[in-house]
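> I'll drop the sequence and a predicted model, then ask my questions.
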Amino acid sequence: MSRLDLFVDRITAQRDILNLIAAQSLLPDGGAILEIGLGNGRTYSHLLEAFSGRRVIVFDRAVASHGTSTPPAADLILGEISQTATTYAKADAAMVHADIGTGYADKDAGVQTWLPQLCVDLLMQGGVAVSGLQLVHPRLKPLDMPSGIGRNLYFAYRKQG
Ligand SMILES: C[S@@+](CC[C@H](N)C(=O)[O-])C[C@H]1O[C@@H](n2cnc3c(N)ncnc32)[C@H](O)[C@@H]1O
């Protein structure tokens with residue numbers, strides 16, 4: 001499978017999961033959405049549309065987004081996510097979406113040592129974590145999804161316990 005094919009499959013899985021969560025109203029009432037990794041701003045744009053009415057707060061090292069998808073300054077936190085996001089612990093977010101996988105197994109394994117706990121710290125009880133990297137944490141229970149959604153390329157969990 002070419003990297004292009006894999007990219008298309010991964011992005012399709014990402015969109016399918018976000019759309020499913022929006023269509024089935026799977027988020028708890030209230031609470032912001034935290035977007036970890038602005039990048040080009042494509043998923044930021046999608047989150048604003050799919051979850052209209054929710055505040056979307058975005059984290060990245062630097063702004064490299066398309067001009068139409070750059071968050072207002074009040075909703076943009078710049079710096080190393082593992083440090084800046086900790087100030088939002090107990091923020092009681094309804095959803096964290098983290099698209100910070102690199103495709104390099106060794107680098108991604110490093111991120112997977114701290115990202116699950118960060119999601120738990122940021123989410124309210126019952127909040128949902130959506131991630132391009134698998135998250136292993138006793139308080140993150142995989143979300144039940146129809147077969148074909150996610151396809152082991154993108155992942156969703158609910159905070160419990
Ligand atoms: C794959 S891109 C996100 C793409 C985005 N979902 C979109 O649709 O355009 C990942 C982004 O996360 C940022 N990022 C990755 N790891 C980070 C970290 N530890 N701290 C801050 N930013 C990080 C990168 O700078 C990059 O802009």
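Cool, got the structure.
> Residue 155 reaches residue 137, doesn't it?
No - checked against Cβ atoms under 8 Å, the pair residue 155 and residue 137 is beyond contact range at 11.8 Å. Where C-beta positions appear, they are placed from N, C-alpha and C, glycine not excepted.
> Can you report phi and psi for the residue of the chain found nearest the ligand?
Ranked by Cβ to the nearest ligand atom, the top residue of the chain for proximity to the ligand is residue 39, at 2.4 Å. Dihedral angles of residue 39 (phi, psi; degrees, to the nearest 10) stand at phi 50, psi -130.
> picking that back up, so for residue 155 and residue 137, which sits in the more crowded spot?
Using other Cβ atoms under 10 Å as the criterion, residue 155 and residue 137 rank with residue 155 on top: 21 against 17.
> Select the longest helix from the chain.
As assigned by DSSP state H, the longest helix anywhere in the chain is helix 3-23.
> all helices in this structure, in order from the N-terminus.
Counting by DSSP H, the helices of the chain are 3-23, 42-50, 81-84, 105-122.
> wait, doesn't the residue of the chain closest to the ligand sit right on residue 99?
Yes - using Cβ under 8 Å, residue 39 is in contact with residue 99, at 6.8 Å.
> pLDDT weak spots in this protein?
Filtered on pLDDT under 70, the chain yields no residues whatsoever.
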